[in-house]
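Trainee: return a 3D structure for these sequence lines:
(one chain, ligands or ions: 2)
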Amino acid sequence: MASLARRKALSVSGYLHEGIVSRRAAVTAAAARSWRGFASSGSEENDVVVIGGGPGGYVAAIKAAQLGLKTTCIEKRGALGGTCLNVGCIPSKADLPLYISLSIYLYCMVCLPIHPFQALLHSSHMYHEATHAFSSHGIKFSQVEVDLPAMMAQKDKAVSNLTRGIEGLFKKNKVTYVKGYGKFISPSEISVDTPDGSTTVVKGKNVIIATGSDVKSLPGITIDEKKIVSSTGALALTEIPKKLVVIGAGYIGLEMGSVWKRLGSEITVVEFGPNIVPTMDFEIRKQFQRALEKQGMKFMLGTKVVGVDSSGDVMKLIVEPASGGEQSILEADIVLVSAGRVPYTAGLGLAEIGVETDKVGRIPVDERFETNVAGVYAIGDVIPGPMLAHKAEEDGVACVEFLAGKHGHVDYDLVPGVVYTHPEVASVGKTEDQVKESGVAYRVGKFPFMANSRAKAIDDAEGLVKIIAETETDKILGVHIMSPNAGELIHEAALALQYGASSEDIARTCHAHPTMSEAVKEAAMATYDKPIHI
Ligand SMILES: Cc1cc2nc3c(=O)[nH]c(=O)nc-3n(C[C@H](O)[C@H](O)[C@H](O)COP(=O)(O)OP(=O)(O)OC[C@H]3O[C@@H](n4cnc5c(N)ncnc54)[C@H](O)[C@@H]3O)c2cc1C
Ligand SMILES: NC(=O)c1ccc[n+]([C@@H]2O[C@H](COP(=O)([O-])OP(=O)(O)OC[C@H]3O[C@@H](n4cnc5c(N)ncnc54)[C@H](O)[C@@H]3O)[C@@H](O)[C@H]2O)c1
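Mentor: Ligands and ions are numbered 1, 2, ... in the order given. Reported below is the predicted structural model:
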């Protein structure tokens, strides 16, 4: 552990447990505010109505019910789980047979955060391993082939099992589930157009908007979900495209690009900016791009698509440098538009009840997630902050904790981000550029997986751990990991940052051998002193 003197210094300076200190302050502030009472009215009125059943909305609804609030959740999709579970995170990443065999508890605790995207990422990874990696482990097949309809069917089954799981949780927690399109008629009344054509009115003392986001369209490019697709169409292709052009080198472009690359497509990623994943630490990003290029992905950075001719069987994209210049043509069977997402509030009636939105359509909220209209709250992708499922869930829990007179807390600086490619890239806290910009003196410690015994044993040693810590106090400011399971490894770092740990704290914590986690320990040793194995 960090020396006692240093820990004392951190405590005194307020670094240690600063989250808890700020929580206490906020509790006091919250208590000072008047909050809306929940004495049972005996009428149909709910304490809480949630519009949208995605990770933000359904988690808020369950938590509200657990806190004793009468709760209704309205969802228009016909299935719970939102973008994430139906057309986002889960179908891209999960391995269905494993999940089906799990109990309902594990199923909800472990599997719900895995996305449709996860299904295809995992399935395509298994195929890629079988065709590229198994032989070096002494496992040979005479023939390996992709059965795309079976792969898609598995993904669809995973999604429907998981969405039904949330319905089960609603029943267990006594959340009323209303299927249909919700629209404000007043700040406390929502009219719902139900699937049978009727309209019903749901009343609530407090209403939470959790309507999520939608794909951002680009001028001159019309998404038809057949040839020019968003992530939704890219998750449901019926054939493996020969040439796939991806517009945008962010989370979706790289994850979906990886899926189809592994299944045999030729992938060109056109990115407007000078780098892939602009929010990533520059050093990790450089290595990540190299890893993807080694897998065969091509990148056209600093490039924009100015038009698409989709009249023929093969589409022609006109591209030119982002700053203007000579144009060239790219051919594609399928174009994936993944240049970001925008808040979704269409048809909600926000203007009618006076809820303000900013210039990109997000709903500004205060520290209790309340909009400018009293009693109307907003969480998840529809408000500012990272558009991530786990952030939406944290928003949902914190929002209803405030509503129940408790204190909620979300630290947006400590929301981990993971790109689920192979290798994965995960980070929490600040990038080196952000720390440099803040003017704080810092040290960097790194450790490559090439020097980690577990990674070498499984012959999957591409990547590194990078830790950034404040020079004066050794407090960890940011951790960035590229490795096969970086999305799991990052949580040791997330916890460390949450508790204001120093790099020495991690370095002096005994880590089991042989594990990939030892690379985190060695990077921490490299930050405050010296690593052993390099
Ligand atoms: C392809 C893809 C992959 C992703 N992968 C990941 C990942 O791996 N990890 C991660 O953290 N995040 C991932 N995300 C982001 C994640 O899906 C979102 O951040 C998350 O779903 C946001 O949750 P939410 O509850 O705010 O909104 P949503 O999940 O979008 O849910 C909003 C719900 O509200 C409903 N709704 C909207 N308007 C109304 C209305 N008027 N009446 C009734 N219902 C309405 C919608 O039908 C929807 O179901 C991914 C996104 C995509 C597109
Ligand atoms: N693993 C995950 O957690 C995960 C996976 C998928 C999606 N998501 C979430 O969904 C959101 C949307 O994903 P996304 O990949 O669409 O957005 P993104 O913001 O991650 O990336 C969009 C990329 O497109 C580029 N771009 C913007 N306009 C462009 C143009 N005209 N031409 C070329 N490039 C352009 C941007 O510079 C950026 O690099 C993400 O912000 C993320 O929060 C998360």
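Trainee: paired strands for the longest strand along the chain, with orientation please.
Mentor: Using DSSP state E to assign secondary structure, the strand with the most residues in the chain is strand 199-209. Strand partners for strand 199-209, identified by DSSP bridges, are recorded as strand 46-51 (parallel), strand 189-193 (antiparallel), strand 376-378 (parallel).
Trainee: can I get those in a markdown table including mean neighbour count?
Mentor: The C-beta positions use only the backbone N, C-alpha and C, and glycine is treated the same way. Shown next, in a markdown table, are these (neighbours: other C-beta atoms under 10 Å):
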| stretch | mean neighbour count |
| --- | --- |
| strand 46-51 | 28 |
| strand 189-193 | 19 |
| strand 376-378 | 27 |
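Trainee: for ligand 1, find the nearest of the ones you listed.
Mentor: Each of the strands paired with strand 199-209 was scored for nearness to ligand 1 using C-beta to the nearest ligand atom, and the closest is strand 46-51 (5.0 Å).
Trainee: which helices and strands does the following helix or strand past that closest one pack with?
Mentor: Next in sequence after strand 46-51, counting helices and strands by DSSP states H and E, comes helix 55-66. Packing contacts for helix 55-66, counted by 3 or more C-beta pairs under 8 Å, 6 or more residues apart in numbering; DSSP states H and E, involve strand 46-51, strand 71-75, helix 82-87, helix 148-173, helix 389-403.
Trainee: can you list the ones you listed in CSV and add mean pLDDT and distance to ligand 2?
Mentor: Below are the helices and strands packed on helix 55-66 laid out as CSV (pLDDT from 0 to 100; distance: least, C-beta to the nearest ligand atom, whole Å):
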stretch, mean pLDDT, distance to ligand 2
strand 46-51, 98, 20
strand 71-75, 98, 20
helix 82-87, 93, 8
helix 148-173, 91, 15
helix 389-403, 98, 7
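Trainee: ligand 1 is nearest to which of those?
Mentor: Closest of those to ligand 1 is helix 82-87, at 2.4 Å (criterion: C-beta to the nearest ligand atom).
Trainee: so what's residue 361 closest to, chain neighbours aside?
Mentor: residue 343 (4.5 Å; C-beta to C-beta, 6 or more residues apart in numbering).
Trainee: surely residue 185 and residue 207 touch.
Mentor: No. Judged on C-beta atoms under 8 Å, residue 185 makes no contact with residue 207 at a distance of 11.1 Å.
Trainee: between those two, who's got more neighbours?
Mentor: residue 207 (29 against 13; other C-beta atoms under 10 Å).
Trainee: can you tell if the helix or strand containing residue 307 touches ligand 2?
Mentor: For residue 307, the host element (DSSP H and E) is strand 303-309. Yes. Interface with ligand 2: strand 303-309 contributes 304-305 (C-beta under 6 Å from any ligand atom).
Trainee: quick one: low-confidence ranges for the stretch 201-350 of the chain?
Mentor: Scanning the stretch 201-350 of the chain for pLDDT under 70 picks out nothing.
Trainee: how about the residues of it by ligand 2?
Mentor: Going by C-beta under 6 Å from any ligand atom, the residues of the stretch 201-350 of the chain near ligand 2 are 218, 247-253, 255, 270-273, 278, 304-305, 338-341.
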